[in-house]
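J.: Build me a model:
(2 chains)
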Protein chains: 2
Amino acid sequence: MSKVLLICEYDGTDFVGYQIQNNGRSVQGVLEKALAEVYKTEIRLTGCSRTDAGVHAAAHASSYEAPFVIPSDRIPLALNAFLPSDVAVKSASYVGDDFSARFDTLGKTYCYRIYCAPIRSPLLNRYSYHSTYKCDIGAMKEAAVHFAGKHDFAAFCAAGGSQETTVRKIIEVTVDKSPSEENMIEIRVTGEAFLYNMVRIIAGTLYHVGIGKLSPDDIPGIIDSLDRSRAGVTLPAAGLTLEKVYYPDQGN
Amino acid sequence: MSKVLLICEYDGTDFVGYQIQNNGRSVQGVLEKALAEVYKTEIRLTGCSRTDAGVHAAAHASSYEAPFVIPSDRIPLALNAFLPSDVAVKSASYVGDDFSARFDTLGKTYCYRIYCAPIRSPLLNRYSYHSTYKCDIGAMKEAAVHFAGKHDFAAFCAAGGSQETTVRKIIEVTVDKSPSEENMIEIRVTGEAFLYNMVRIIAGTLYHVGIGKLSPDDIPGIIDSLDRSRAGVTLPAAGLTLEKVYYPDQGN
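T.: I've put the predicted structure just below:
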């Protein structure tokens, strides 16, 4: 047996999320179907993250035990032949036998996009949240720096999470204009691990700073309050993309 | 009666094209339905261009006679309330009574996007053509300059066009890397008017230069030949976006 790490890209619009569920089409489901076609046996994937319905991924990581060895550069080609147009395997590599895409992550970077314009954009709205209000990027940048560090993020956690603790370590939060579209704001959140809806609530809180409902100086107090009602809205799934997953060097 | 010029953005994926047809959902159809809701009477649009099934528009122009005057800044809001998420009216302005979005155009700019990478991208393939070959942008730039000018473009016209002449004036063709994605090539074609599939065939010919099937120096001979079989392939509709339509100053 050999352990394989897959990096996948998907458009989350038509999925119930990464994880297999009873109520519809999942990314894991279509990937496991493709794995079964290639390896001629059932294979179970372990994902780095579940991602909610409608959330996209530029580079989602998952791992599986392969029943036999296929050269790693052939794995994407073999699997992509059985995948629909909204999912693709971008790369595959052999990793140590005890590797887990879920438990070995050092961290992840998510990007949340907000398109600020009086009128919505049919060519951009699949991958962004539309705000009819202008946002003050300077204020958002000031607010963003307060998230870095190890904090109890209970104020940034949706109800329904089953975690033992709401303490998480955020490595960096940045706010920038998109290089291709001047009315698009890109919020990037890098952290070790996240609570349920945490990135969408951080993005919503920065959005409230951008439109003047909150001040950058309010952020430390909101974090300290542990009170979900003091943070901003949970922004919609479509604006969120998992951009990168970090692992220790696999030595290959 | 007052003449109105509308600028619309749409994602062409789920349309049979701009123009009303018997075989499915058209952009003109959904726009005229919204106009009927707002003005409470049937209104006929005149479009600047038909655009094929699957072709997108960042700024498509069309005009109509309004039965009564609504302030121009209110027209987009009123119409967008009745439009699906894949179409939006971006702006409206009052123009002269004899204005026609079709006959008064000075020109149009189309953008064709080619994504060059070994593996397709689910997050980019809705608005681009995927090439597994690398493209030589330098060669494509060299080839692009040969299109400018007034030429008989019979070699760049699909069968089935009903035009009286195949002479057209191309103002400029440019080839650049996308500012946001280094593997994305953007071909921009600006011209007075175009033959059937002309932009997709010019893009396909530049693509053949990019992958080495044609040389930049071949372009003048292909134009002179008037022979469709000597030009490159007609690239798929999804990669094409109508970016801009030019009109004389309307004095408002």
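
J.: For the rest of this, base every contact and every neighbour count on C-alpha atoms.
T.: Will do.

J.: Check which helices and strands whichever strand or helix holds A:Val175 sits against.
T.: Assigned by DSSP states H and E, A:Val175 falls within strand A:167-177. Judged by 3 or more C-alpha pairs under 8 Å, 6 or more residues apart in numbering or on different chains; DSSP states H and E, strand A:167-177 is in contact with helix A:137-144, strand A:149-152, strand A:184-191.

J.: where along the stretch 51-200 of chain A do the strands fall?
T.: Applying DSSP state E, counting those that start in this stretch to the stretch 51-200 of chain A gives strands spanning A:56-66, A:87-95, A:107-116, A:129-131, A:149-152, A:167-177, A:184-191.

J.: pLDDT on the shortest one, on average?
T.: The average pLDDT for strand A:129-131 rounds to 97.

J.: contacts for it?
T.: When contacts are defined by C-alpha atoms under 8 Å, 6 or more residues apart in numbering or on different chains, strand A:129-131 is touched by residues A:Arg113, A:Ile114, A:Tyr115, A:Cys116, A:Ala117, A:Pro118, A:Arg120, A:Ser121, A:Leu235, A:Pro236, A:Ala238, A:Gly239.

J.: next one: stretch A:179-190
T.: Applying C-alpha under 8 Å, 6+ apart, the contact partners of stretch A:179-190 are A:107-117, A:137, A:170-178, A:199, A:203, B:178-180.

J.: Of those, which qualify as buried by neighbour count?
T.: Buried subset of these (neighbour count, 16 or more other C-alpha atoms under 10 Å in any protein chain shown): A:107-116, A:137, A:170-178, A:199, A:203, B:178.

J.: Outline the domain layout of chain A.
T.: Listed by automatic domain parsing, the domain ranges of chain A are A:2-104, A:107-245.

J.: Adding distance to B:Thr165, write these out as TSV.
T.: As requested, those are arranged in TSV below (distance: least, C-alpha to C-alpha, whole Å):
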stretch	distance to B:Thr165
domain A:2-104	40
domain A:107-245	34
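
J.: I'd like to know which of those is closest to B:Tyr133.
T.: B:Tyr133 sits nearest to domain A:2-104 of all these, at 14.8 Å, using C-alpha to C-alpha.

J.: any idea how far A:Gly210 lies from A:Ile223?
T.: For A:Gly210, the distance to A:Ile223 equals 18 Å [C-alpha to C-alpha, to the nearest Å].

J.: in the stretch 51-200 of chain A, what spans have low per-residue confidence?
T.: Confidence mapping of the stretch 51-200 of chain A against pLDDT under 70 gives the ranges A:161.

J.: So which residues on chain A come close to chain B?
T.: Residues of chain A found near chain B (C-alpha under 8 Å from any C-alpha of the partner chain) are A:9-11, A:58, A:77, A:85-90, A:119-123, A:178-180.

J.: For PyMOL, write a command that selects the buried ones of those residues.
T.: Selection of buried members from those for PyMOL, criterion 16+ other C-alpha under 10 Å:
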select buried, chain A and resi 9+10+11+58+77+85+86+87+88+89+90+119+120+121+122+123+178
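
J.: Dig out what the residue nearest to A:Ile75 when sequence neighbours are not counted forms beta bridges with.
T.: Nearest residue to A:Ile75 in three dimensions, chain neighbours excluded: A:Ala92, at 6.3 Å (C-alpha to C-alpha, 6 or more residues apart in numbering or on different chains). According to DSSP bridges, the residues that bridge with A:Ala92 are A:Leu6.

J.: Tell me, how many residues neighbour A:Ala92?
T.: Counted with other C-alpha atoms under 10 Å in any protein chain shown, residues neighbouring A:Ala92 total 20.

J.: That one contacts A:Leu5, correct?
T.: Yes - if you go by C-alpha atoms under 8 Å, A:Ala92 and A:Leu5 touch, sitting 5.6 Å apart.

J.: Please name the residues that touch A:Gln149.
T.: Small correction: residue A:149 is Gly, not Gln. Applying C-alpha under 8 Å, 6+ apart, we find A:Gly149 in contact with A:Lys169, A:Ile170, A:Ile171.

J.: what does A:Pro216 give?
T.: A:Ala139, A:Met140, A:Glu142, A:Ala143, A:Ala144, A:Val209.

J.: The fifth one: neighbour count?
T.: Translated: A:Ala144. Per other C-alpha under 10 Å, the neighbour tally for A:Ala144 reads 24.

J.: Any chance of CSV for the strands of the stretch 51-200 of chain A, columns distance to B:Ala231?
T.: Listed next are these as CSV, based on distance: least, C-alpha to C-alpha, whole Å:
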stretch, distance to B:Ala231
strand A:56-66, 36
strand A:87-95, 32
strand A:107-116, 40
strand A:129-131, 42
strand A:149-152, 59
strand A:167-177, 40
strand A:184-191, 38
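
J.: Which one of these lies nearest to A:Gly24?
T.: A:Gly24 sits nearest to strand A:87-95 of all the strands of the stretch 51-200 of chain A, at 15.5 Å, using C-alpha to C-alpha.

J.: Report all helices and strands that that closest one contacts.
T.: So strand A:87-95, by 3+ C-alpha pairs under 8 Å, 6+ apart, packs with strand A:2-10, helix A:75-80.

J.: For stretch A:15-33, buried residues please.
T.: A:15-20, A:25-33.

J.: hmm, who's touching that stretch?
T.: Contacts to stretch A:15-33, defined as C-alpha under 8 Å, 6+ apart, come from residues A:10, A:14, A:42-45, A:47, A:49-55, A:79, A:82-84, A:87.

J.: please redo it, this time with the cut-off set to 7 Å
T.: Stretch A:15-33 has contacts (C-alpha atoms under 7 Å, 6 or more residues apart in numbering or on different chains) with A:Ile43, A:Arg44, A:Leu45, A:Arg50, A:Thr51, A:Asp52, A:Ala53, A:Gly54, A:Val55, A:Leu83.

J.: how many other residues sit next to A:Ser229?
T.: Here the number of neighbours of A:Ser229 (other C-alpha under 10 Å) works out to 11.
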